[in-house]
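Colleague: one predicted model, sequence on top.
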Amino acid sequence: MLGAALVFIAGLAFLTFRAIDEQGFTLASLLSIFILVLLAVGIVGALRNPPR
């Protein structure tokens, strides 16, 4: 499950950085990076430390 989540996040990050490369850094790209960081921290933290 962790691998699938990381692949999903990496794919979204690739698309985000490709859009930044093509269109330049915008407010939307900043928001996208912020959301990706939130997803990564939440998903990885939850899967590495399951409830007891």
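Modeller: Structure's in. What do you need?
Colleague: what's the neighbour count on residue 4?
Modeller: Number of residues near residue 4 (other C-beta atoms under 10 Å) recorded here: 9. From N, CA and C alone the C-beta is placed, and that goes for glycine too.
Colleague: now it: how far from residue 29?
Modeller: Residue 4 sits at a distance of 25 Å from residue 29 (criterion: C-beta to C-beta, to the nearest Å).
Colleague: and if you look at residue 21?
Modeller: 10 Å.
Colleague: who's more crowded, these two?
Modeller: Taking other C-beta under 10 Å, residue 21 and residue 29 do not tie; residue 29 has more neighbours (16 against 10).
Colleague: check which helix or strand the more buried one maps to.
Modeller: helix 27-48 (DSSP states H and E).
Colleague: so the nearest residue to residue 39 once chain neighbours are set aside versus residue 47, what's the distance?
Modeller: Once flanking residues are discounted, residue 39 sits nearest to residue 9: 5.9 Å by C-beta to C-beta, 6 or more residues apart in numbering. Distance of residue 9 to residue 47, computed by C-beta to C-beta: 12 Å.
Colleague: between these two, which one's more packed in?
Modeller: residue 9 (16 against 13).
Colleague: same for the helix or strand that contains that one, what does it pack against?
Modeller: If you go by DSSP H and E, residue 9 is part of helix 2-23. When contacts are defined as 3 or more C-beta pairs under 8 Å, 6 or more residues apart in numbering; DSSP states H and E, helix 2-23 packs onto helix 27-48.
Colleague: averaged pLDDT, the helix it packs on. What do you get?
Modeller: Confidence over helix 27-48, taken as the mean pLDDT, stands at 92.
Colleague: kindly export that helix (C-alpha atoms) in PDB.
Modeller: Extracted in PDB, the C-alpha atoms of helix 27-48 (Å, rounded to 0.1, in the frame of the first residue of the first chain):
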ATOM      1  CA  LEU A  27       0.400  30.500  -7.600                       C
ATOM      2  CA  ALA A  28      -1.300  27.300  -8.800                       C
ATOM      3  CA  SER A  29       2.000  25.500  -8.900                       C
ATOM      4  CA  LEU A  30       2.800  26.700  -5.400                       C
ATOM      5  CA  LEU A  31      -0.600  25.400  -4.200                       C
ATOM      6  CA  SER A  32       0.000  22.100  -6.000                       C
ATOM      7  CA  ILE A  33       3.300  21.600  -4.300                       C
ATOM      8  CA  PHE A  34       1.800  22.500  -0.900                       C
ATOM      9  CA  ILE A  35      -1.000  19.900  -1.400                       C
ATOM     10  CA  LEU A  36       1.500  17.300  -2.500                       C
ATOM     11  CA  VAL A  37       3.600  17.800   0.600                       C
ATOM     12  CA  LEU A  38       0.500  17.500   2.800                       C
ATOM     13  CA  LEU A  39      -0.500  14.300   1.000                       C
ATOM     14  CA  ALA A  40       3.000  12.800   1.300                       C
ATOM     15  CA  VAL A  41       3.400  13.600   5.000                       C
ATOM     16  CA  GLY A  42      -0.100  12.400   5.800                       C
ATOM     17  CA  ILE A  43       0.000   9.200   3.800                       C
ATOM     18  CA  VAL A  44       3.500   8.100   4.700                       C
ATOM     19  CA  GLY A  45       3.000   9.000   8.400                       C
ATOM     20  CA  ALA A  46      -0.300   7.100   8.600                       C
ATOM     21  CA  LEU A  47       1.100   4.000   6.900                       C
ATOM     22  CA  ARG A  48       4.300   3.900   8.800                       C
END
